[in-house]
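Trainee: Quick one, fold the following:
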Amino acid sequence: MKFLLLLMTLVFAAPSFAADKILFVLTSHNKMGSLDMKTGFWLGELTHPYYVLADAGFGVDVASIDGGMAPIDPKSLDFSDENNARFINDKKLMASIINTKAIEDVNSEDYQAVVYVGGHGTMWDFSNNERINKLTVSIYERGGIVSAICHGPAALTDVKLSNGQYLVKGKKLAAFTNEEESNVGLTEVVPFSLQDTLMSKGAKHIYGAAWTVNVVNDRRVITGQNPQSARKVGEEILTGLKGIK
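Mentor: Here you go, the predicted structure:
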């Protein structure tokens, strides 16, 4: 009888997932504020973690805020990068970018993890987005992993858990820094400071040197500071998912 009770406790306490799947979420916003400049998601912030996880055998789906073709930031089209070059010949991933799912059509219970890919477009459509907030809470509160890269943590600025607390409150995390925003000359263009906003919601911002790898993993929230951190974010997610299994 004691054994049966113990078994039932373990079963109901364990995270419940329909499949070994991960969702990548992209921006649908393609204009850099008031500038006559295109933006979107940063290609390497998708391809680097995507191939780490897909090569490990995980199913990966790609969604965007509005669905349909997700805009790629033209400045990220660096095909000397081996992962981006691989993308050019990857018909499956290419098709998923051309015809992304809209996040409102996503069933959060299908996924063990969500990855919010960065790029400046996210600063206009990730923050204060009820669809993102609902998706994030669902995955996190079932024991899944929430991850974001560079400007992707804009998705986490307004997420409140069932207890009414911000998801980021008291958590260590990394995000594109004020210094890096200044370096690219866009401090006055983006609608808000990502670093300052996350800190105002109680996040403990872990600052790495500009344009160097900085990844923080705190209680199933995995964040990377910049494009250079994208691959390591994928590796941290992979380690975390192996721990869930």
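
Trainee: buried sites along the longest helix along the chain?
Mentor: Taking DSSP state H as the criterion, the chain has its longest helix at helix 230-244. Neighbour-count burial for helix 230-244 flags 230-238, 240-241 (criterion: 16 or more other CB atoms under 10 Å). Every residue, glycine included, has its C-beta placed from N, CA and C.

Trainee: Just to be sure, Gly208 is in a strand?
Mentor: No. Counting by DSSP: H, G, I helix; E, B strand; the rest coil, Gly208 is located in no strand; its state is coil.

Trainee: Please report phi then psi for the closest residue to it other than its chain neighbours.
Mentor: Leaving out its chain neighbours, the residue that sits closest to Gly208 by CB to CB, 6 or more residues apart in numbering is Asn214, at 2.7 Å. Phi and psi for Asn214, reported as degrees, to the nearest 10, are phi -150, psi 110.

Trainee: Give me the pLDDT value at Asn214.
Mentor: Asn214 is assigned a pLDDT of 98 by the prediction.

Trainee: quick one on the thing from earlier: counting contacts, what elements does the longest helix of the chain pack onto?
Mentor: The contact analysis (3 or more CB pairs under 8 Å, 6 or more residues apart in numbering; DSSP states H and E) places helix 230-244 against helix 43-55, strand 113-116, strand 145-149, strand 215-218, strand 221-224.

Trainee: Export the ones you listed as CSV, with columns for mean neighbour count and distance to Lys101.
Mentor: Below are those laid out as CSV (neighbours: other CB atoms under 10 Å; distance: least, CB to CB, whole Å):
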stretch, mean neighbour count, distance to Lys101
helix 43-55, 24, 15
strand 113-116, 28, 12
strand 145-149, 28, 18
strand 215-218, 20, 27
strand 221-224, 29, 22
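
Trainee: closest one to Ile22 among those?
Mentor: Among the helices and strands packed on helix 230-244, the nearest to Ile22 by CB to CB is strand 113-116 (4.6 Å).

Trainee: Any idea which of the helices and strands packed on helix 230-244 gets closest to Leu156?
Mentor: Among those, the nearest to Leu156 by CB to CB is strand 145-149 (6.0 Å).

Trainee: partner strands of the next helix or strand after the closest one, parallel or antiparallel?
Mentor: Helices and strands here follow DSSP states H and E; after strand 145-149, the next one along the chain is strand 172-173. As defined by DSSP bridges, the strand partners of strand 172-173 come to strand 204-205 (parallel).

Trainee: residue contacts, the residue nearest the centre of the chain?
Mentor: With distances taken as CA atoms, centre = their mean, Tyr116 lies nearest the centre of the chain, 1.9 Å away. Tyr116 is in contact with 25, 122, 126, 132, 147-149, 152-156, counting by CB atoms under 8 Å, 6 or more residues apart in numbering.

Trainee: ok, 6 Å please
Mentor: Shown in contact with Tyr116 (CB atoms under 6 Å, 6 or more residues apart in numbering): 25, 148, 152, 155.

Trainee: What of Gly59?
Mentor: Lys21.

Trainee: picking that back up, any chance of the helices and strands packed on helix 230-244 in TSV, with distance to Phe87 too?
Mentor: Output for the helices and strands packed on helix 230-244, formatted as TSV (distance: least, CB to CB, whole Å):
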stretch	distance to Phe87
helix 43-55	5
strand 113-116	16
strand 145-149	16
strand 215-218	22
strand 221-224	19
